[in-house]
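Undergrad: below: sequence and its predicted model.
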Amino acid sequence: MWGGRFATGPDAIMEEINASIDFDQKLWRQDIRGSLAHAAMLAETGILTKEDVATIIAGLKKVEGEIESGAFTFSRALEDVHMNVESNLKDKIGLAAGRLHTARSRNDQVATDMRLWVRDTLDEIDGQMADLQLAMAEKADTYAGAVMPGFTHLQSAQPVTFGHHLLAYVEMLGRDRSRIRDARARLNECPLGAAALAGTSFPIDRHMTAKALGFDRPTANSLDSVSDRDFVLETLSAASICAMHLSRFAEEIVLWSTPQFGFVRLSDAFSTGSSIMPQKRNPDAAELVRGKAGRVFGALQGLLTMMKGLPLTYSKDMQEDKEGTFDALQTLSLCLAATAGMVRDMQPDLKVMKKAAGLGYATATDLADWLVRVLKMPFRDAHHVTGRLVGIASEKKVGLEKLSLAEMQAVEPQITDAVFAVLGVDQSVKSRVSYGGTAPANVRKQARRWLKQLSK
Ligand code: ARG
């Protein structure tokens, strides 16, 4: 491609470190899409003749068909996807192929391809996030009133419902999706036509190519156009936050499916056995979702580090934006699918969850609230009285509801036996009617709201 200035070919090691075709061949569809738009614009503006462009476009379609069919072998000697496509085009149509690169450089070409690829992938991932939200909201609707322990510090805190817990993740995914939408909106400018870095002397129409490729507008500064990878960074940042959410949920599945918790059971479809311990059912998919988050974070860190020292504009370092990004987004996609699969598969053990919800004096706050509401005690005093009662019950190794009225009155004489009504876990969750609270009626309403929104 640059034989004019070079007498000999590259050293084998040079070729190995330089070539990106092993991974950037993933961009072939986007590369051809970009070339088709560029060629059409070159004809429209009279930069190339209509005949040449017709030949080029027909040739590009042939190349597309050949790659699609798997008949094309990418060559390392041709370095990257752009040169592989162009050289194949030359084999098909001869000299006219050499005119396609008029008013364009691989620098604006790769920036365009990468934006197109990331945009396509963001759309796919958004669909998968919506599907996971749907799986969770459906389960939340079914289990809106299923009582389970709510934790802080992984210590029993207050009873909540399983549906409420699932909807917490639906909210997280809602924010993940809004980050994706946001990144997509900023990404949607077209760098094609920035050429190598300075723009071009040919009378190109960048608005035309931008429109043809579905971008909102061309990028405004040619130097920025070829040296910007913010759109990848924003995508990896949104992907990292989502991977972190999935990892937290995965961690809960790991805990919940232990015999010690026993809150949920994954079927054989989402469990693995042990080659030595016949009793084992391991939640490998959840562990892998938790573990793979590291790869997504790593890609973000890698790209930030790669970019931070680069002077304007393009440097070959930037070729390193691809492998981590491809891997991270493919990983996220797999994790989203596996998580949706586990959500649909998992069966909660309602009895176990409910029993666990009452452990650890989880309704102590309900008792304190009763003292405030009925006896008009200041909350701080109520907290103190309740603390003493918990102390007595804990000494006796029984729940609060197992204390006698006399034992309670020994601490606070005004307590009546009406207090026992607030000590049950069902009553506790039912009473949490504040907006966003865990009362089953609230949870059902929120689940339905999500289901309605997701069906749009
Ligand atoms: N394969 C290159 C990349 O991914 C394409 C751009 C090459 N540009 C250049 N000036 N060598 O970054």
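TA: Perfect, I can see it now.

Undergrad: contact partners of the helix or strand hosting residue 208?
TA: With elements taken from DSSP states H and E, the one containing residue 208 is helix 206-212. Contacts to helix 206-212, defined as Cβ atoms under 8 Å, 6 or more residues apart in numbering, come from residues 36-38, 40-41, 44-45, 189-190, 192-193, 216-218. C-beta here means a position set from N, CA and C on the backbone, and glycine is covered the same way.

Undergrad: let's see it at 6 Å
TA: Helix 206-212 is contacted by residues 37, 38, 41, 190, 192, 193, 217, 218 when judged by Cβ atoms under 6 Å, 6 or more residues apart in numbering.

Undergrad: pick the one among those residues closest to the ligand.
TA: For the contacts of helix 206-212, the minimum distance to the ligand (Cβ to the nearest ligand atom) is 13.3 Å, reached by residue 192.

Undergrad: for the closest one, give me its contacts.
TA: 108, 112, 209.

Undergrad: shouldn't it be within a helix?
TA: No. According to DSSP: H, G, I helix; E, B strand; the rest coil, residue 192 belongs to no helix; its state is coil.

Undergrad: need phi/psi at it.
TA: Dihedral angles of residue 192 (phi, psi; degrees, to the nearest 10) stand at phi -60, psi 130.

Undergrad: how close does it sit to residue 207?
TA: From residue 192 over to residue 207 the distance is 11 Å, taken as Cβ to Cβ, to the nearest Å.

Undergrad: neighbours of residue 206, just the number please.
TA: The number of residues packed near residue 206 is 24, by other Cβ atoms under 10 Å.

Undergrad: over to residue 320?
TA: 16.

Undergrad: over to residue 322?
TA: Residue 322: 21 neighbours (other Cβ under 10 Å).

Undergrad: thinking again about what came up before, tell me the two of the contacts of helix 206-212 that are most distant?
TA: 38 and 217 (16.7 Å; Cβ to Cβ).

Undergrad: more neighbours: these two, which one.
TA: Per other Cβ under 10 Å, whichever of residue 38 and residue 217 has more neighbours is residue 38, with 26 against 12.

Undergrad: can you pull the contacts of that one?
TA: Contacts here follow Cβ under 6 Å, 6+ apart; on that basis residue 38 touches 104, 209.

Undergrad: same question, residue 375
TA: Contacts for residue 375 (Cβ under 6 Å, 6+ apart) come out as residue 414.

Undergrad: let me see the confidence value for it.
TA: Note on residue 375: pLDDT of 96.

Undergrad: and what of residue 31?
TA: At residue 31, pLDDT is 98.

Undergrad: which residues touch it?
TA: So residue 31 contacts 81, 85, 113 (Cβ under 6 Å, 6+ apart).

Undergrad: let's see it at 7 Å
TA: 81, 82, 85, 113 (Cβ atoms under 7 Å, 6 or more residues apart in numbering).
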